[in-house]
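In: Below: sequence and its predicted model.
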Amino acid sequence: MRIVVAIKQVLDPRGFTVNRKAEKIFVNREEWITNPADLCALEAALALKDKLGAEVIVLSGGPARAGDALRDAWARGANRAIHLSDKAFASADGSVAARILAKTVSKLGDVDMVLCGDKAIDTGAGEVGPRLAEALGWPQVLGALDVTVVDGHVRAVRANGKEYVTLEAGLPAMVTVSAGANKQRYPHGGRIMDSYRQYQPEVWTASDLGLSEDELNPVMDNRGQSYPPERQRGTILGSPEELVRLLKRNRVV
Amino acid sequence: MSFADMYGSLGQEPHDIWMVAEVTGGKPTSLTLEMIGGARTMADGLGCYVHAVVLGNGLGELPDLVAAGADRVHVADDPALAEFAVEPYLKVLGDLFTAQPPEIVLFGATPLGDELAPRLAQRLSTGLLSHCASLYMDEIERVLIGTHPVYEGEYSVVVACPQARPEIATVLQDAFGPPYLDSYRMGETEPVTVDLAGVEERVKRVGPAEFTPPEVPLRKALRIVSAGRQAGDFELTKQLAGALGAHVAGAREAVDEGWITDKQVVGAMGESVRPDLYVAVGIRGDTYHVYGIRDAKFVVAIHPEADAPILKSADAGLVGDPAKIVPGLIEALQK
Amino acid sequence: MDFTFAPEYVALRKMLREFAEEEVRPLAKTIDREHRVPHETLKKGAKIGLLGVPFPTKYGGMGAGETGYCIMMEEIGRVCTSTATNIGAHIGIGAMAIYMDGTEAQKEKYLTPLASGEKIAAFALTEPNAGSDAAGIRTRAVREGDSYFLDGSKIYITNGPIADIVSVLAVTDSSLGARGGVTAFIVETAWEGFKVGTLENKMGIRGSSTSELIFDNLRVPQENILGQIGLGFVTFMKTLDLGRVSLGAACLGGAQAALEAAMQWAKARNQFGTYIAAKQSIQWMVADIACEIEALRSLVYRTAWMVDSHKPFSREAAMCKLYGSEVASRAINKALQIHGALGYSRDHPIERAWRDARIAEIFEGTNEIQRIVIASELFQEIGVRVRP
């Protein structure tokens, strides 16, 4: 069984602070981490590797530092790690990312399942998974907490309000995994050492994938940032109902 | 693929604002009505129409859709659409949008929207303004501008899809204000031809499941309800935590009261926590406790004494007897 | 000169930092209060190679050398001195003695299960009459046929109560003294004649177990002689030498933790209308601690590099231990002062750190001995012999 896991790096939020008054982001410590939901997806894939002997191939786009995320994935137990690296990929938006990943999955061939995090903390969009499913023409199961394979079908448990429900789809399928779905194993220290001393992630470029310039043109435009209003400390409210309205407006509940 | 390629052959420019309505208990959801209201405002500015699409089975009258501002309501009523399913819904929408290319398509940022919008966007080779907390039309450039929170709301990113059409967006609750329902408004309702030949929902619901999520330690909890000496009945604190899906914690004195273990103490002498929501019930909030919540995103304080220090540093405070306020809060949350 | 860590060490440190925060820190207060060893943590750590960091992979270790070992001790020492002590005694002196002077057969038999954490090691040198004066040990090893019989006792042995394998120094020929009369042995604690004695009730590192070890006609086969007969002192001193570097690293971690805590508190604590971080007295304390930490960091990792590059390191190792223990004590003391009365509370981690740090100036060779080692090496370079 062949499983592909798509991961990406995000800036560690513990390394920057947002000054709402100055409307600026201060990066105190620039550190890149693998998106937490993607790590959950990788862990789910590795659990299937342990149980079913599945082959786990990890993909990531991004600049040179993505190599660290790929080596980390390899150290955790992935069989192969591929860096999708090309200057032309740098401007990719969700639609382009999905195309790149879809081409990679097709080129790898015989892929039974693609797993990725349901959302990235730096975009919160949750779009790449379903876009990729569409590009591949596969069914999608979103927000999985537990992933198993039974008789050529993927079975996923996901939240349904305060309860849980099992969904099933025939393979091949695209499954996104939620952050907090599982506790990830620590890679063995020896594997971490080897991931730099013995191992090298594969590198695939735009021409390896046969992607045209047209296919790599993003449609989305970034128009800047906006900042939440400053915290209004010391606000006294009149009733619990008022509080609940405030909490909802601030998207806290 | 440019929209000219997509639509040029059909001789149609994309036009009008479309939205996908969701119906529960026979009525449109409040988010649906908000979106129609928002679409109405934008359409008035552009001089175009608002269309609402409803999919389901046995759908009755939905007058609120027109009252909120829809010019035309497209009803796809079919047994195959009774429960939300990605492939049948996508086929119906895809066919509809091919025949009548929209300029804008709005979905709620709901499970339905999260499943359909990105897939539709990929199918139509267009962009997606995802999870917008605010959305408006830049009339000079004639482009939709969306703002969506990132890093759990630390800041927001402003995005647009300048060329590709339709512009698809998923919209969060409260992005648009409450709609104005005008029962005198006129609108047409027309049925949608549902052609699901060869379309099969490939994801099936097997049944309810048992699942125990991995334990989240207090220091990583996203929601915490914490009790102090003036909390009164600790049971109420626990119930509030239950209603919020929150961890239970306390100030140091809560250990003396026998309510919590010292592992649940928040403060300089216990844990430092960084939740999205921290509710302090009956905690006066001296320096040592407040130190533990210095990184909390939103602090609510409930205390009988108006001069309690915590009320000055909390984002929102309620002064009064927790025994009365907490049950009221639980009730308001469950509505 | 490239002062950056190779990327594999950066990645290793990241993983260790996470492990320390998620698995070790949550138990730090508990094991101190309950006076117990965190076996569950040691097991989890063993699974990812923590109990064999410096040892080559062919013996089941992580192959990360002294540098990797120091990184691990720093990261663990930053969150829990007790856990660092348990691991340090196991790797740094217990198993290390076997790695340094063991035969291939001994390494295969004993080092491999130790590196994988399957078994735990201890290092037994100290006796009631032989602390700094290690040559004064009295435990006897009497030869009979192809075995030696050990009689005597050791004291203040870290991991004594939990060890499976202990490196023991005993007198084989009292007429020859330290040079030629003392031999090192690998002892299995399951053997008849081995007993764990009184458990020490220590001021600090209470999450680590320290006890007497009693040998009563304990039969050790001659294959278990570690190193050369009569030259056990050399084996033991060599091992202690190397152990000093990683001890310095653990002290570095502790000092770093103290600085971080003090700064967080100074940022939050408001007195006289502003946070105390705005006060010069606090700023000077922070600056002083930071300077010492920076100097210690350079010292420890340069010495680790010397070890990994097979350069002589004895003097620098002694400096790591001496300076490290004193920097940690000073840093923690100042940090406690910055916390004020809060730092004096047993509910606050700095109080535990203060108690935990004190032992570093005493064990693994007292700081007085370290000073003698350093001075005698320095004077030797200019032709002066000052050995006591």
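Out: Ah, there it is.
In: so does stretch B:309-322 get close to chain C?
Out: No: Stretch B:309-322 stays clear of chain C (CB under 8 Å from any CB of the partner chain), getting no nearer than 11.1 Å. In short, each C-beta sits where N, CA and C put it, glycine included.
In: For C:Ser175, which non-adjacent residue is closest in space?
Out: C:Gly181 (6.6 Å; CB to CB, 6 or more residues apart in numbering or on different chains).
In: Surely that neighbour is in contact with C:Thr172?
Out: Yes: counting by CB atoms under 8 Å, C:Thr172 is a contact partner of C:Gly181 at 6.2 Å.
In: Pull up the overlap in contacts between these two.
Out: C:Gly230 (CB atoms under 8 Å, 6 or more residues apart in numbering or on different chains).
In: if we can go back for a sec, how many neighbouring residues does the residue nearest to C:Ser175 have?
Out: 18 (other CB atoms under 10 Å in any protein chain shown).
In: got it, and C:Asn270?
Out: Count around C:Asn270 with other CB under 10 Å applied: 12.
In: now swap in B:Leu196 and tell me
Out: 16.
In: does it really touch B:Ala80, like I thought?
Out: Yes: counting by CB under 8 Å, B:Leu196 does reach B:Ala80; the two are 5.3 Å apart.
In: before we move on, back to that, who are the neighbours in contact with the residue nearest to C:Ser175?
Out: C:Gly181 touches C:171-175, C:230, counting by CB under 8 Å, 6+ apart.
In: got it, and C:Ala318?
Out: C:241, C:244, C:365, C:370, C:373-374, C:377.
In: do the same with B:Arg229
Out: B:251, B:253-254, B:257, B:282-284.
In: Could you report the pLDDT at residue 69?
Out: Went with chain A since none was named. Per-residue confidence (pLDDT) for A:Ala69: 98.
In: wrong one, I was asking about chain C
Out: 98.
In: before we move on, the earlier item: what subset of the contacts of C:Gly181 is buried?
Out: Among those, those buried by neighbour count (16 or more other CB atoms under 10 Å in any protein chain shown) are C:171-172, C:230.
In: just those residues that are near chain B?
Out: Near chain B, by the rule CB under 8 Å from any CB, you find none of the buried ones among the contacts of C:Gly181.
In: Any chance of those residues in a markdown table with secondary structure as columns?
Out: Supplementary listing: those in a markdown table, determined by DSSP: H, G, I helix; E, B strand; the rest coil:
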| residue | secondary structure |
| --- | --- |
| C:Val171 | strand |
| C:Thr172 | coil |
| C:Gly230 | coil |
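In: Can you redo the residues you listed as TSV, where the extra columns are distance to B:Gln230 and pLDDT?
Out: Listed next are those as TSV, based on distance: CB to CB, whole Å; pLDDT from 0 to 100:
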residue	distance to B:Gln230	pLDDT
C:Val171	69	97
C:Thr172	72	96
C:Gly230	74	95
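In: a markdown table for those residues, including distance to C:Lys119?
Out: A markdown table is the format used below for the buried ones among the contacts of C:Gly181 (distance: CB to CB, whole Å):
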| residue | distance to C:Lys119 |
| --- | --- |
| C:Val171 | 27 |
| C:Thr172 | 26 |
| C:Gly230 | 28 |
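In: what about the longest helix in the chain?
Out: Using chain A. helix A:36-52 (DSSP state H).
In: my bad, the chain I had in mind was chain C
Out: helix C:232-268.
In: That one near chain B at all?
Out: Yes: using CB under 8 Å from any CB, helix C:232-268 reaches chain B at C:265, C:268.
In: before we move on, the earlier item: next, show the common contact partners of B:Leu196 and B:Ala80.
Out: With CB under 8 Å, 6+ apart as the test, B:Leu196 and B:Ala80 both reach B:Pro88.
In: what's near enough to touch A:Val56?
Out: If you count contacts by CB under 8 Å, 6+ apart, then A:Val56 has A:3, A:5, A:42, A:45-46, A:48-49, A:77-80 around it.
In: Touching, C:Met62 and A:Gly189? I think so.
Out: Yes: using CB under 8 Å, C:Met62 and A:Gly189 qualify as a contacting pair, with a distance of 4.2 Å.
In: Show me where the stretch 101-250 of chain C has its helices.
Out: C:104-106, C:112-115, C:232-268 (DSSP state H, counting those that start in this stretch).
In: Please convert those to CSV, extending it with distance to B:Ile302, mean pLDDT and mean neighbour count.
Out: Shown next, in CSV, are those (distance: least, CB to CB, whole Å; pLDDT from 0 to 100; neighbours: other CB atoms under 10 Å in any protein chain shown):
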stretch, distance to B:Ile302, mean pLDDT, mean neighbour count
helix C:104-106, 66, 97, 12
helix C:112-115, 55, 97, 24
helix C:232-268, 23, 96, 24
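In: Dump these into JSON lines; add distance to chain A as well.
Out: Shown next, in JSON lines, are the helices of the stretch 101-250 of chain C (distance: least, CB to the nearest CB, whole Å):
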{"stretch": "helix C:104-106", "distance to chain A": "21"}
{"stretch": "helix C:112-115", "distance to chain A": "10"}
{"stretch": "helix C:232-268", "distance to chain A": "12"}
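In: So for B:Tyr151, which of the ones you listed sits nearest?
Out: helix C:232-268 (21.8 Å; CB to CB).
In: So what are the sheet partners of whichever helix or strand comes after the closest one and their directions?
Out: As assigned by DSSP states H and E, the chain's next helix or strand after helix C:232-268 is strand C:270-271. Using DSSP bridges, the strands paired with strand C:270-271 are strand C:274-275 (antiparallel).
In: rewinding a little: common neighbours of C:Met62 and A:Gly189, please.
Out: C:49-50, C:53, C:68.
In: out of those, which one sits closest to C:Glu292?
Out: Distances from C:Glu292 to the shared contacts of C:Met62 and A:Gly189, taken by CB to CB, are shortest for C:Gly68, at 24.0 Å.
In: Confirm that closest one sits in a strand?
Out: No: counting by three-state DSSP, one finds C:Gly68 to be helix, located in no strand.
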